[in-house]
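Visitor: Just need the structure, nothing else, for what follows:
(one chain, ligands or ions: 1)
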Amino acid sequence: MSFLEGYEENCARFVRAGAEIVEIGKTFLGRSIYAFEIGCGAPKILAQYAIHAREHITYFLALKHLEQLLATLKFGGGTVYLIPVVNIDGVALCLDGVDSAGESADNLIELNRGTDFSLWKANARGVDLNVNFDARWGSGAKNVTSAGPENYVGSSPNSEPETMALIEFTKSISPNITLSFHAKGEVVYWDFHQTGPAYFRDKRLGRIIAESTGYRLLSSGKSAGGYKDWCIQNLGIPSYTIEVGAENLTHPIGQEHLPQIYYKTGTLYQDILNQFNKIINTFPQK
Ligand SMILES: [Zn+2]
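Guide: Numbering: from 1, shown residues only. Sure thing, here's the model as predicted:
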């Protein structure tokens, strides 16, 4: 079964299992981006997966997390809004091949300089979505200014439909915390120029994530334009990039590694939900 067929089928399966589903927007090629809502009440966690195409192992991880949350979060204690794949067009390029891109195929083959899209990260017009957000846009160390497989910031901040879908949905639900799943390296990035109490609050919550997964908590370095960066800068909420999969694995990470990755992230949501209020109350809000 192709990725695209499986995506539709999995979404339908989770709806049948009782998950609320929302279409948060459409991709450049017109495909529906879905968010699932599980549980109720505060705190509200927004989690997004597979914004980078070749990191599609995180989409398969999202399916495992959805199954787990549907089984455990029915009776309250918090809400998880889970977007299993943001960059649907990009993941389809990686897994289903360039024919999935229809009329965009010729342009994409030119941008990719070939038909092997297994290491492609961007969306279907060669914009790297995780450097496209309006958060010190264009100042990242690896940013490039022309379309291609990775690191192109886009023609302007928030220029891509996938970026805008994520921004509008995030504003509409006002999450208390966001998680962005990427691969690889088993690290958690937590900071983006926070100051004052938010700095200590976000580092402390980051430590909860690091302890839960066994991953290392690291400073983001000279990154910019990411979803996590946008959330920290514009909403003032704690936001994390979680890089799953051991550093010695090669891209794209194969599904044979999914059990190990799932195991390490198996208590993550419960650990955050259990400890969020206690930690938030320790640090006064601005
Ligand atoms: Zn990534």
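Visitor: Do I have it right that Asn234 meets Pro157?
Guide: No: checked against CB atoms under 8 Å, the pair Asn234 and Pro157 is beyond contact range at 11.3 Å. The C-beta positions use only the backbone N, C-alpha and C, and glycine is treated the same way.
Visitor: Give me the common contacts of the two.
Guide: Residues within reach of Asn234 and of Pro157 at once, by CB atoms under 8 Å, 6 or more residues apart in numbering, are Asp134.
Visitor: Compare those two (neighbour count), which wins?
Guide: Between Asn234 and Pro157, counted using other CB atoms under 10 Å, the more crowded position is Pro157 (18 against 14).
Visitor: ok so Gly25 is a strand residue?
Guide: Yes: secondary structure of Gly25 (DSSP: H, G, I helix; E, B strand; the rest coil): part of a strand.
Visitor: distance of it from the ion?
Guide: Between Gly25 and the ion the computed distance is 20 Å (CB to the ion, to the nearest Å).
Visitor: Any idea what that residue is bridged to?
Guide: Note on Gly25: beta-bridge partners by DSSP bridges are Ile33.
Visitor: wait, what's in contact with it?
Guide: Going by CB under 8 Å, 6+ apart, the list of residues near Gly25 reads 33, 161-162, 164-166, 168-169.
Visitor: Helix or strand: which one has the residue of the stretch 151-286 of the chain found nearest the ion?
Guide: With CB to the ion, the shortest gap between the stretch 151-286 of the chain and the ion falls at His182, namely 3.3 Å. Following DSSP states H and E, one finds His182 within strand 177-183.
Visitor: before we move on, the earlier item: just the buried ones out of the contacts of Gly25, please.
Guide: Neighbour counting by 16 or more other CB atoms under 10 Å classes 33, 161-162, 165-166, 169 among those as buried.
Visitor: Out of those, name the two that are farthest from one another.
Guide: Across the buried ones among the contacts of Gly25, no pair lies farther apart than Pro161 and Phe169, at 12.3 Å, counting by CB to CB.
Visitor: May I ask you to confirm that Ile272 is in contact with Gly206?
Guide: No: Ile272 is beyond contact range of Gly206, at 10.7 Å (criterion: CB under 8 Å).
Visitor: residues in the stretch 151-286 of the chain within reach of the ion, list them.
Guide: Within the stretch 151-286 of the chain, the positions lying close to the ion (CB under 5 Å from the ion) are His182.
Visitor: Doesn't Gln260 lie inside a helix?
Guide: Yes: counting by three-state DSSP, Gln260 is located in a helix.
Visitor: dump the residue contacts of it.
Guide: So Gln260 contacts nothing (CB under 8 Å, 6+ apart).
Visitor: mind checking pLDDT for it?
Guide: Looking at Gln260, its pLDDT is 98.
Visitor: Near whatever residue of the stretch 1-150 of the chain ends up closest to the ion, how many other residues are there?
Guide: Nearest to the ion in the stretch 1-150 of the chain, going by CB to the ion, is His52, at a distance of 3.5 Å. Using other CB under 10 Å, His52 has 27 other residues around it.
Visitor: can you tell me how far the spatially closest residue to it that is not a sequence neighbour sits from Arg207?
Guide: Among residues not flanking His52 along the chain, Lys121 sits closest, at 4.5 Å (CB to CB, 6 or more residues apart in numbering). Note on Lys121: its distance to Arg207, by CB to CB, to the nearest Å, is 29 Å.
Visitor: neighbour count winner among these two?
Guide: Lys121 (25 against 14).
Visitor: give the contact list for that one.
Guide: Lys121 touches 52-55, 90, 128, 149-151, counting by CB under 8 Å, 6+ apart.
Visitor: Throw the residues you listed into a markdown table and include secondary structure and pLDDT, thanks.
Guide: Formatted as a markdown table, the contacts of Lys121 follow (DSSP: H, G, I helix; E, B strand; the rest coil; pLDDT from 0 to 100):
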| residue | secondary structure | pLDDT |
| --- | --- | --- |
| His52 | coil | 98 |
| Ala53 | helix | 98 |
| Arg54 | helix | 98 |
| Glu55 | helix | 98 |
| Gly90 | helix | 98 |
| Asp128 | coil | 98 |
| Pro149 | coil | 98 |
| Glu150 | coil | 98 |
| Asn151 | coil | 97 |
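Visitor: Cool, thanks, talk later.
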